[in-house]
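**Q** Pasting a predicted model and its sequence here:
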Number of protein chains: 2
Amino acid sequence: MSTDLMPNRYRPGESDLPRRESELIARRDDVLGASYRLQYRRPVHFVRGEGMWLYDPDERAYLDFYNNVPSLGHCHPEVNAAMAEQAGRISANTRYLEPKLVDYAERLVDTFPNELDRVVFTCTGSESNDLALRIARFASGNEGVIVSSYAYHGTSAAVAAVSPNLGDAVKLSPFVRMVSLPGPAGVPDGQAAEFFEAQVRAAIVDLNRRGIGIAALLIDSIFSSDGVWVDPPGFIASGVSAVREAGGLVIADEVQAGFGRTGAHMWGFERHGIVPDLVTLGKPMGNGFPIGAVVGRRAPMDRFGTTARYSNTFAGNTVGIATADAVLTILQRDQIPQNALAMGQRLRAGLEKLAKQRSGIHAIRNAGLFFGIDMGPEGTAAAGRRAMALDVVNAMRDDGVLISTTGANEDSLKVRPPLVCQAEHVDLFLACMERALIKLAS
Amino acid sequence: MSTDLMPNRYRPGESDLPRRESELIARRDDVLGASYRLQYRRPVHFVRGEGMWLYDPDERAYLDFYNNVPSLGHCHPEVNAAMAEQAGRISANTRYLEPKLVDYAERLVDTFPNELDRVVFTCTGSESNDLALRIARFASGNEGVIVSSYAYHGTSAAVAAVSPNLGDAVKLSPFVRMVSLPGPAGVPDGQAAEFFEAQVRAAIVDLNRRGIGIAALLIDSIFSSDGVWVDPPGFIASGVSAVREAGGLVIADEVQAGFGRTGAHMWGFERHGIVPDLVTLGKPMGNGFPIGAVVGRRAPMDRFGTTARYSNTFAGNTVGIATADAVLTILQRDQIPQNALAMGQRLRAGLEKLAKQRSGIHAIRNAGLFFGIDMGPEGTAAAGRRAMALDVVNAMRDDGVLISTTGANEDSLKVRPPLVCQAEHVDLFLACMERALIKLAS
């Protein structure tokens, strides 16, 4: 695992910055402190956003191939109009009757398999995962949680404690067990399911021997922080069954994979042919407005809701609901997941061609418009591959395209454009990436 | 402690409702489930809000003396304009340079004592308390937390586990200790500080004997869920010192007390003459937009931020910041805390007069515009007092004024109007309350 947990960041003194920027950074560090890190060797500052584009104070345009919150593009006028219209009328909480809340809840659960017909709203993906863990522990009576080796599930104390991606400084829960993924372990596709299931079963045995028991398998179906390990589809299914047999629940973290990102499906877990017990939502749900949710099966959610009081002041308020409702309407009307599938295919084909023509790309993995691109060639030392990834990210930033890095070794490019991207944007991205690879080789 | 954790709620079959409403409630229960509870015997439904007023579908006006999120009043046009304007321009995250983020952070910490000069943004009060606990545990190296007997601090797993107000169904952390407050224990004002300090010291001794140690004293300075026990000012100060001596941090939960609610001060802890180590913010910070923060001393926040990676996708995004900035501007420009002080005095005087003229009011406690009003007379059994409180709340709701209940026995009225309330609203409230007391006595 990389010892630098956020390699793609600004380090004071590393770059010559305009005085206006270095002064702002000094003030920023003074009041916000060390938790706040800036991306890129030369940080970016945007004053305007529109669709796929972000503009800096000099009106220079940057193509956004990184932000997965504004899935419908920056500053979507219909989404913003819905938010502003509702805010001008009323922002009511969920303890008052509100038809819009019920309407949207019904529309949302309709996008899930029939078994998943209940929803509780939250404000963030972290709150969703935190609540899902509470429900799973309550319903199972157990405490143990299984996650992937470099999983990241959010910021709350309970969720950070099951997020090994946060590194040594953040203590892991004594109740969490990590399982290796077949891809990074080099296991062939034909043995991937067996490999994953064996790891899950071993973790359950260990949790049971210690009297902890299994509460939940918590997985992001595209394993984004592990480095985007999406294949082969279905490899998690037998592990999922093993968890259920042992009395645990299966939580699909769809904060990144959900709302059409994976292209063929609305939800990432569908690619694996499973139906989870609980599904957690966040990031793109309001195209930037803070809203999330837990969608799930009736039995565990009722067991929790009937006895444990849960109320979340802002969650489900009418403004968030009106905003999320506009997002869902546009996603469905404009066939955004289908676009993500088509553009993902175009981007993948272009990258494969580039990998043959230029050195630097070792492997390409994607589901829809979520890509992990490993730097290489094979045999390059880990530090070298990480440096290559960082160089490409920063060369592309200087050239006007935004991406970042991911993976256990942070040597993969993380590419996840807004889902409204079109062929012209894919082609601009590929041309920019080619220039970065040429620069890297020179 | 009351066994019904939310007495002021709708129970199916208890009231005859129009078919339109009962059908909506059935759909609501089906998709949202048991976690979602409606207030009042006859639930309310509002389609429009403006300042102190909420309007139902028949354009009947309700005076809002309960909602403490829209402190500047419902649908404040300047706040909404700031939100919409920023949303139309750009919603950038905190990993990009953004002068507005730094400007607002500086303005916010300027409202605190000099020692508190760092801020980290969150999306909700629960996230703020969860993060503050993480920081306190990280900085102290200890796990123990002291809270008041019926404290409520939020919804995340870690915060719910230190919220005894949630009742038996939500397991308390083995590391939390509860301390009784002098007021509900009947301790005279002159011995209040000594009583509180003794409880805190005993909790520290117990935590140390078990090797847990003290991480934090976590207190809402108006003790709202305990029943609004605000007096005597300063009674917590010696307990606060005892925590510091033992190596623990002091967290002031200002989610309800903050941003001028207590009248004389911007922050509730100022009433007690203490300076906490960490302060948590939420509810009124964006007048409804989901935004919160932890403000604190440099040393513990840096110790956490330097090593533990903390990033919160939506928190500190430009739209939330622009909204909160408008709220702070209006709070200061329109002298909202001063208004809360004056209106709190007017309301208190009116209630005292009412308590002499009509039976039913046993005690009145307040700081600024946060009131706890105990039902009585003394000697009435707990169940009787609780029923009185519920009857008054529902009579006032039917009469067009919104309040609710609080306290260990839920026999106190909880009254906390938006801070923009004027003399005419206070007088309307008092007249409505008098009618409810007359009805109760008849």
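**A** That came in fine, so what should we check first?

**Q** partners of the helix or strand hosting A:Arg365, with directions?
**A** Taking DSSP states H and E as the definition, A:Arg365 sits inside strand A:361-367. Sheet pairing of strand A:361-367 (DSSP bridges) gives strand A:370-375 (antiparallel).

**Q** List the contacts of the strand it pairs with.
**A** Under the contact criterion CB atoms under 8 Å, 6 or more residues apart in numbering or on different chains, strand A:370-375 has outside partners A:68, A:222, A:224, A:227-230, A:256-257, A:261-262, A:344, A:347-348, A:351, A:360-366, A:385-386, A:388-389, A:392, A:406-407, A:411-416. The C-beta positions use only the backbone N, C-alpha and C, and glycine is treated the same way.

**Q** In strands, which of those residues appear?
**A** Applying DSSP state E to the contacts of strand A:370-375, the entries found in strands are A:Ile361, A:His362, A:Ala363, A:Ile364, A:Arg365, A:Asn366, A:Thr406, A:Ser412, A:Leu413, A:Lys414, A:Val415.

**Q** measure the closest residue to A:Val243 other than its chain neighbours to chain B for me?
**A** In space, and not counting its chain neighbours, A:Val243 is closest to A:Leu217: 4.3 Å by CB to CB, 6 or more residues apart in numbering or on different chains. Here A:Leu217 is placed at a distance of 18 Å from chain B (CB to the nearest CB, to the nearest Å).

**Q** what helix or strand is A:Leu217 on?
**A** Judged by DSSP H and E, A:Leu217 forms part of strand A:214-219.

**Q** And A:Val250, by the same measure?
**A** strand A:249-253.

**Q** Beyond that strand, next helix or strand please.
**A** Per DSSP H and E, strand A:249-253 leads on to strand A:278-281 as the next helix or strand towards the C-terminus.

**Q** Look through chain A and tell me its longest helix.
**A** Using DSSP state H to define each element, chain A has its longest helix at helix A:336-357.

**Q** Could you give the number of residues near the residue nearest to A:Asn165 when sequence neighbours are not counted?
**A** Using CB to CB, 6+ apart and skipping the chain neighbours, the partner closest in space to A:Asn165 is A:Tyr152 (3.8 Å). By other CB atoms under 10 Å in any protein chain shown, 24 other residues sit near A:Tyr152.

**Q** try A:Glu23
**A** Using other CB under 10 Å, A:Glu23 has 11 other residues around it.

**Q** name the element A:Lys439 belongs to?
**A** Counting by DSSP H and E, A:Lys439 is found in helix A:423-441.

**Q** what's the average pLDDT for the helix or strand containing A:Phe121?
**A** Assigned by DSSP H and E, A:Phe121 falls within strand A:116-122. The average pLDDT within strand A:116-122 is 98.

**Q** Ok, stretch A:161-175 next?
**A** For stretch A:161-175, the mean per-residue pLDDT is 95.

**Q** And that stretch, end to end?
**A** With CA to CA, to the nearest Å as the measure, stretch A:161-175 spans 9 Å from end to end.

**Q** Stretch A:311-322 now?
**A** Taking CA to CA, stretch A:311-322 runs 19 Å from one end to the other.

**Q** what does stretch A:148-162 give?
**A** End-to-end distance for stretch A:148-162: 9 Å, by CA to CA.

**Q** any idea how far that stretch is from the chain center?
**A** Taking the mean of its C-alpha atoms, stretch A:148-162 sits 13 Å from the chain's own mean (CA atoms, centre = their mean, to the nearest Å).

**Q** do stretch A:54-63 as well
**A** When distances are taken as CA atoms, centre = their mean, stretch A:54-63 is centred 25 Å away from the chain's centroid.

**Q** and that stretch, anywhere near chain B?
**A** Yes. Using CB under 8 Å from any CB of the partner chain, stretch A:54-63 comes into contact with chain B via A:Leu54.

**Q** can I get the CA coordinates of that stretch in CSV?
**A** Listed next in CSV are the C-alpha coordinates belonging to stretch A:54-63 (Å, rounded to 0.1, in the frame of the first residue of the first chain):
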residue,chain,number,x,y,z
LEU,A,54,-15.0,24.2,-15.7
TYR,A,55,-13.5,27.7,-16.2
ASP,A,56,-10.7,29.3,-14.3
PRO,A,57,-10.5,33.1,-13.4
ASP,A,58,-8.8,33.7,-16.8
GLU,A,59,-11.7,31.9,-18.6
ARG,A,60,-9.5,29.0,-19.5
ALA,A,61,-11.7,25.9,-20.0
TYR,A,62,-10.9,22.6,-18.3
LEU,A,63,-12.6,19.4,-19.4
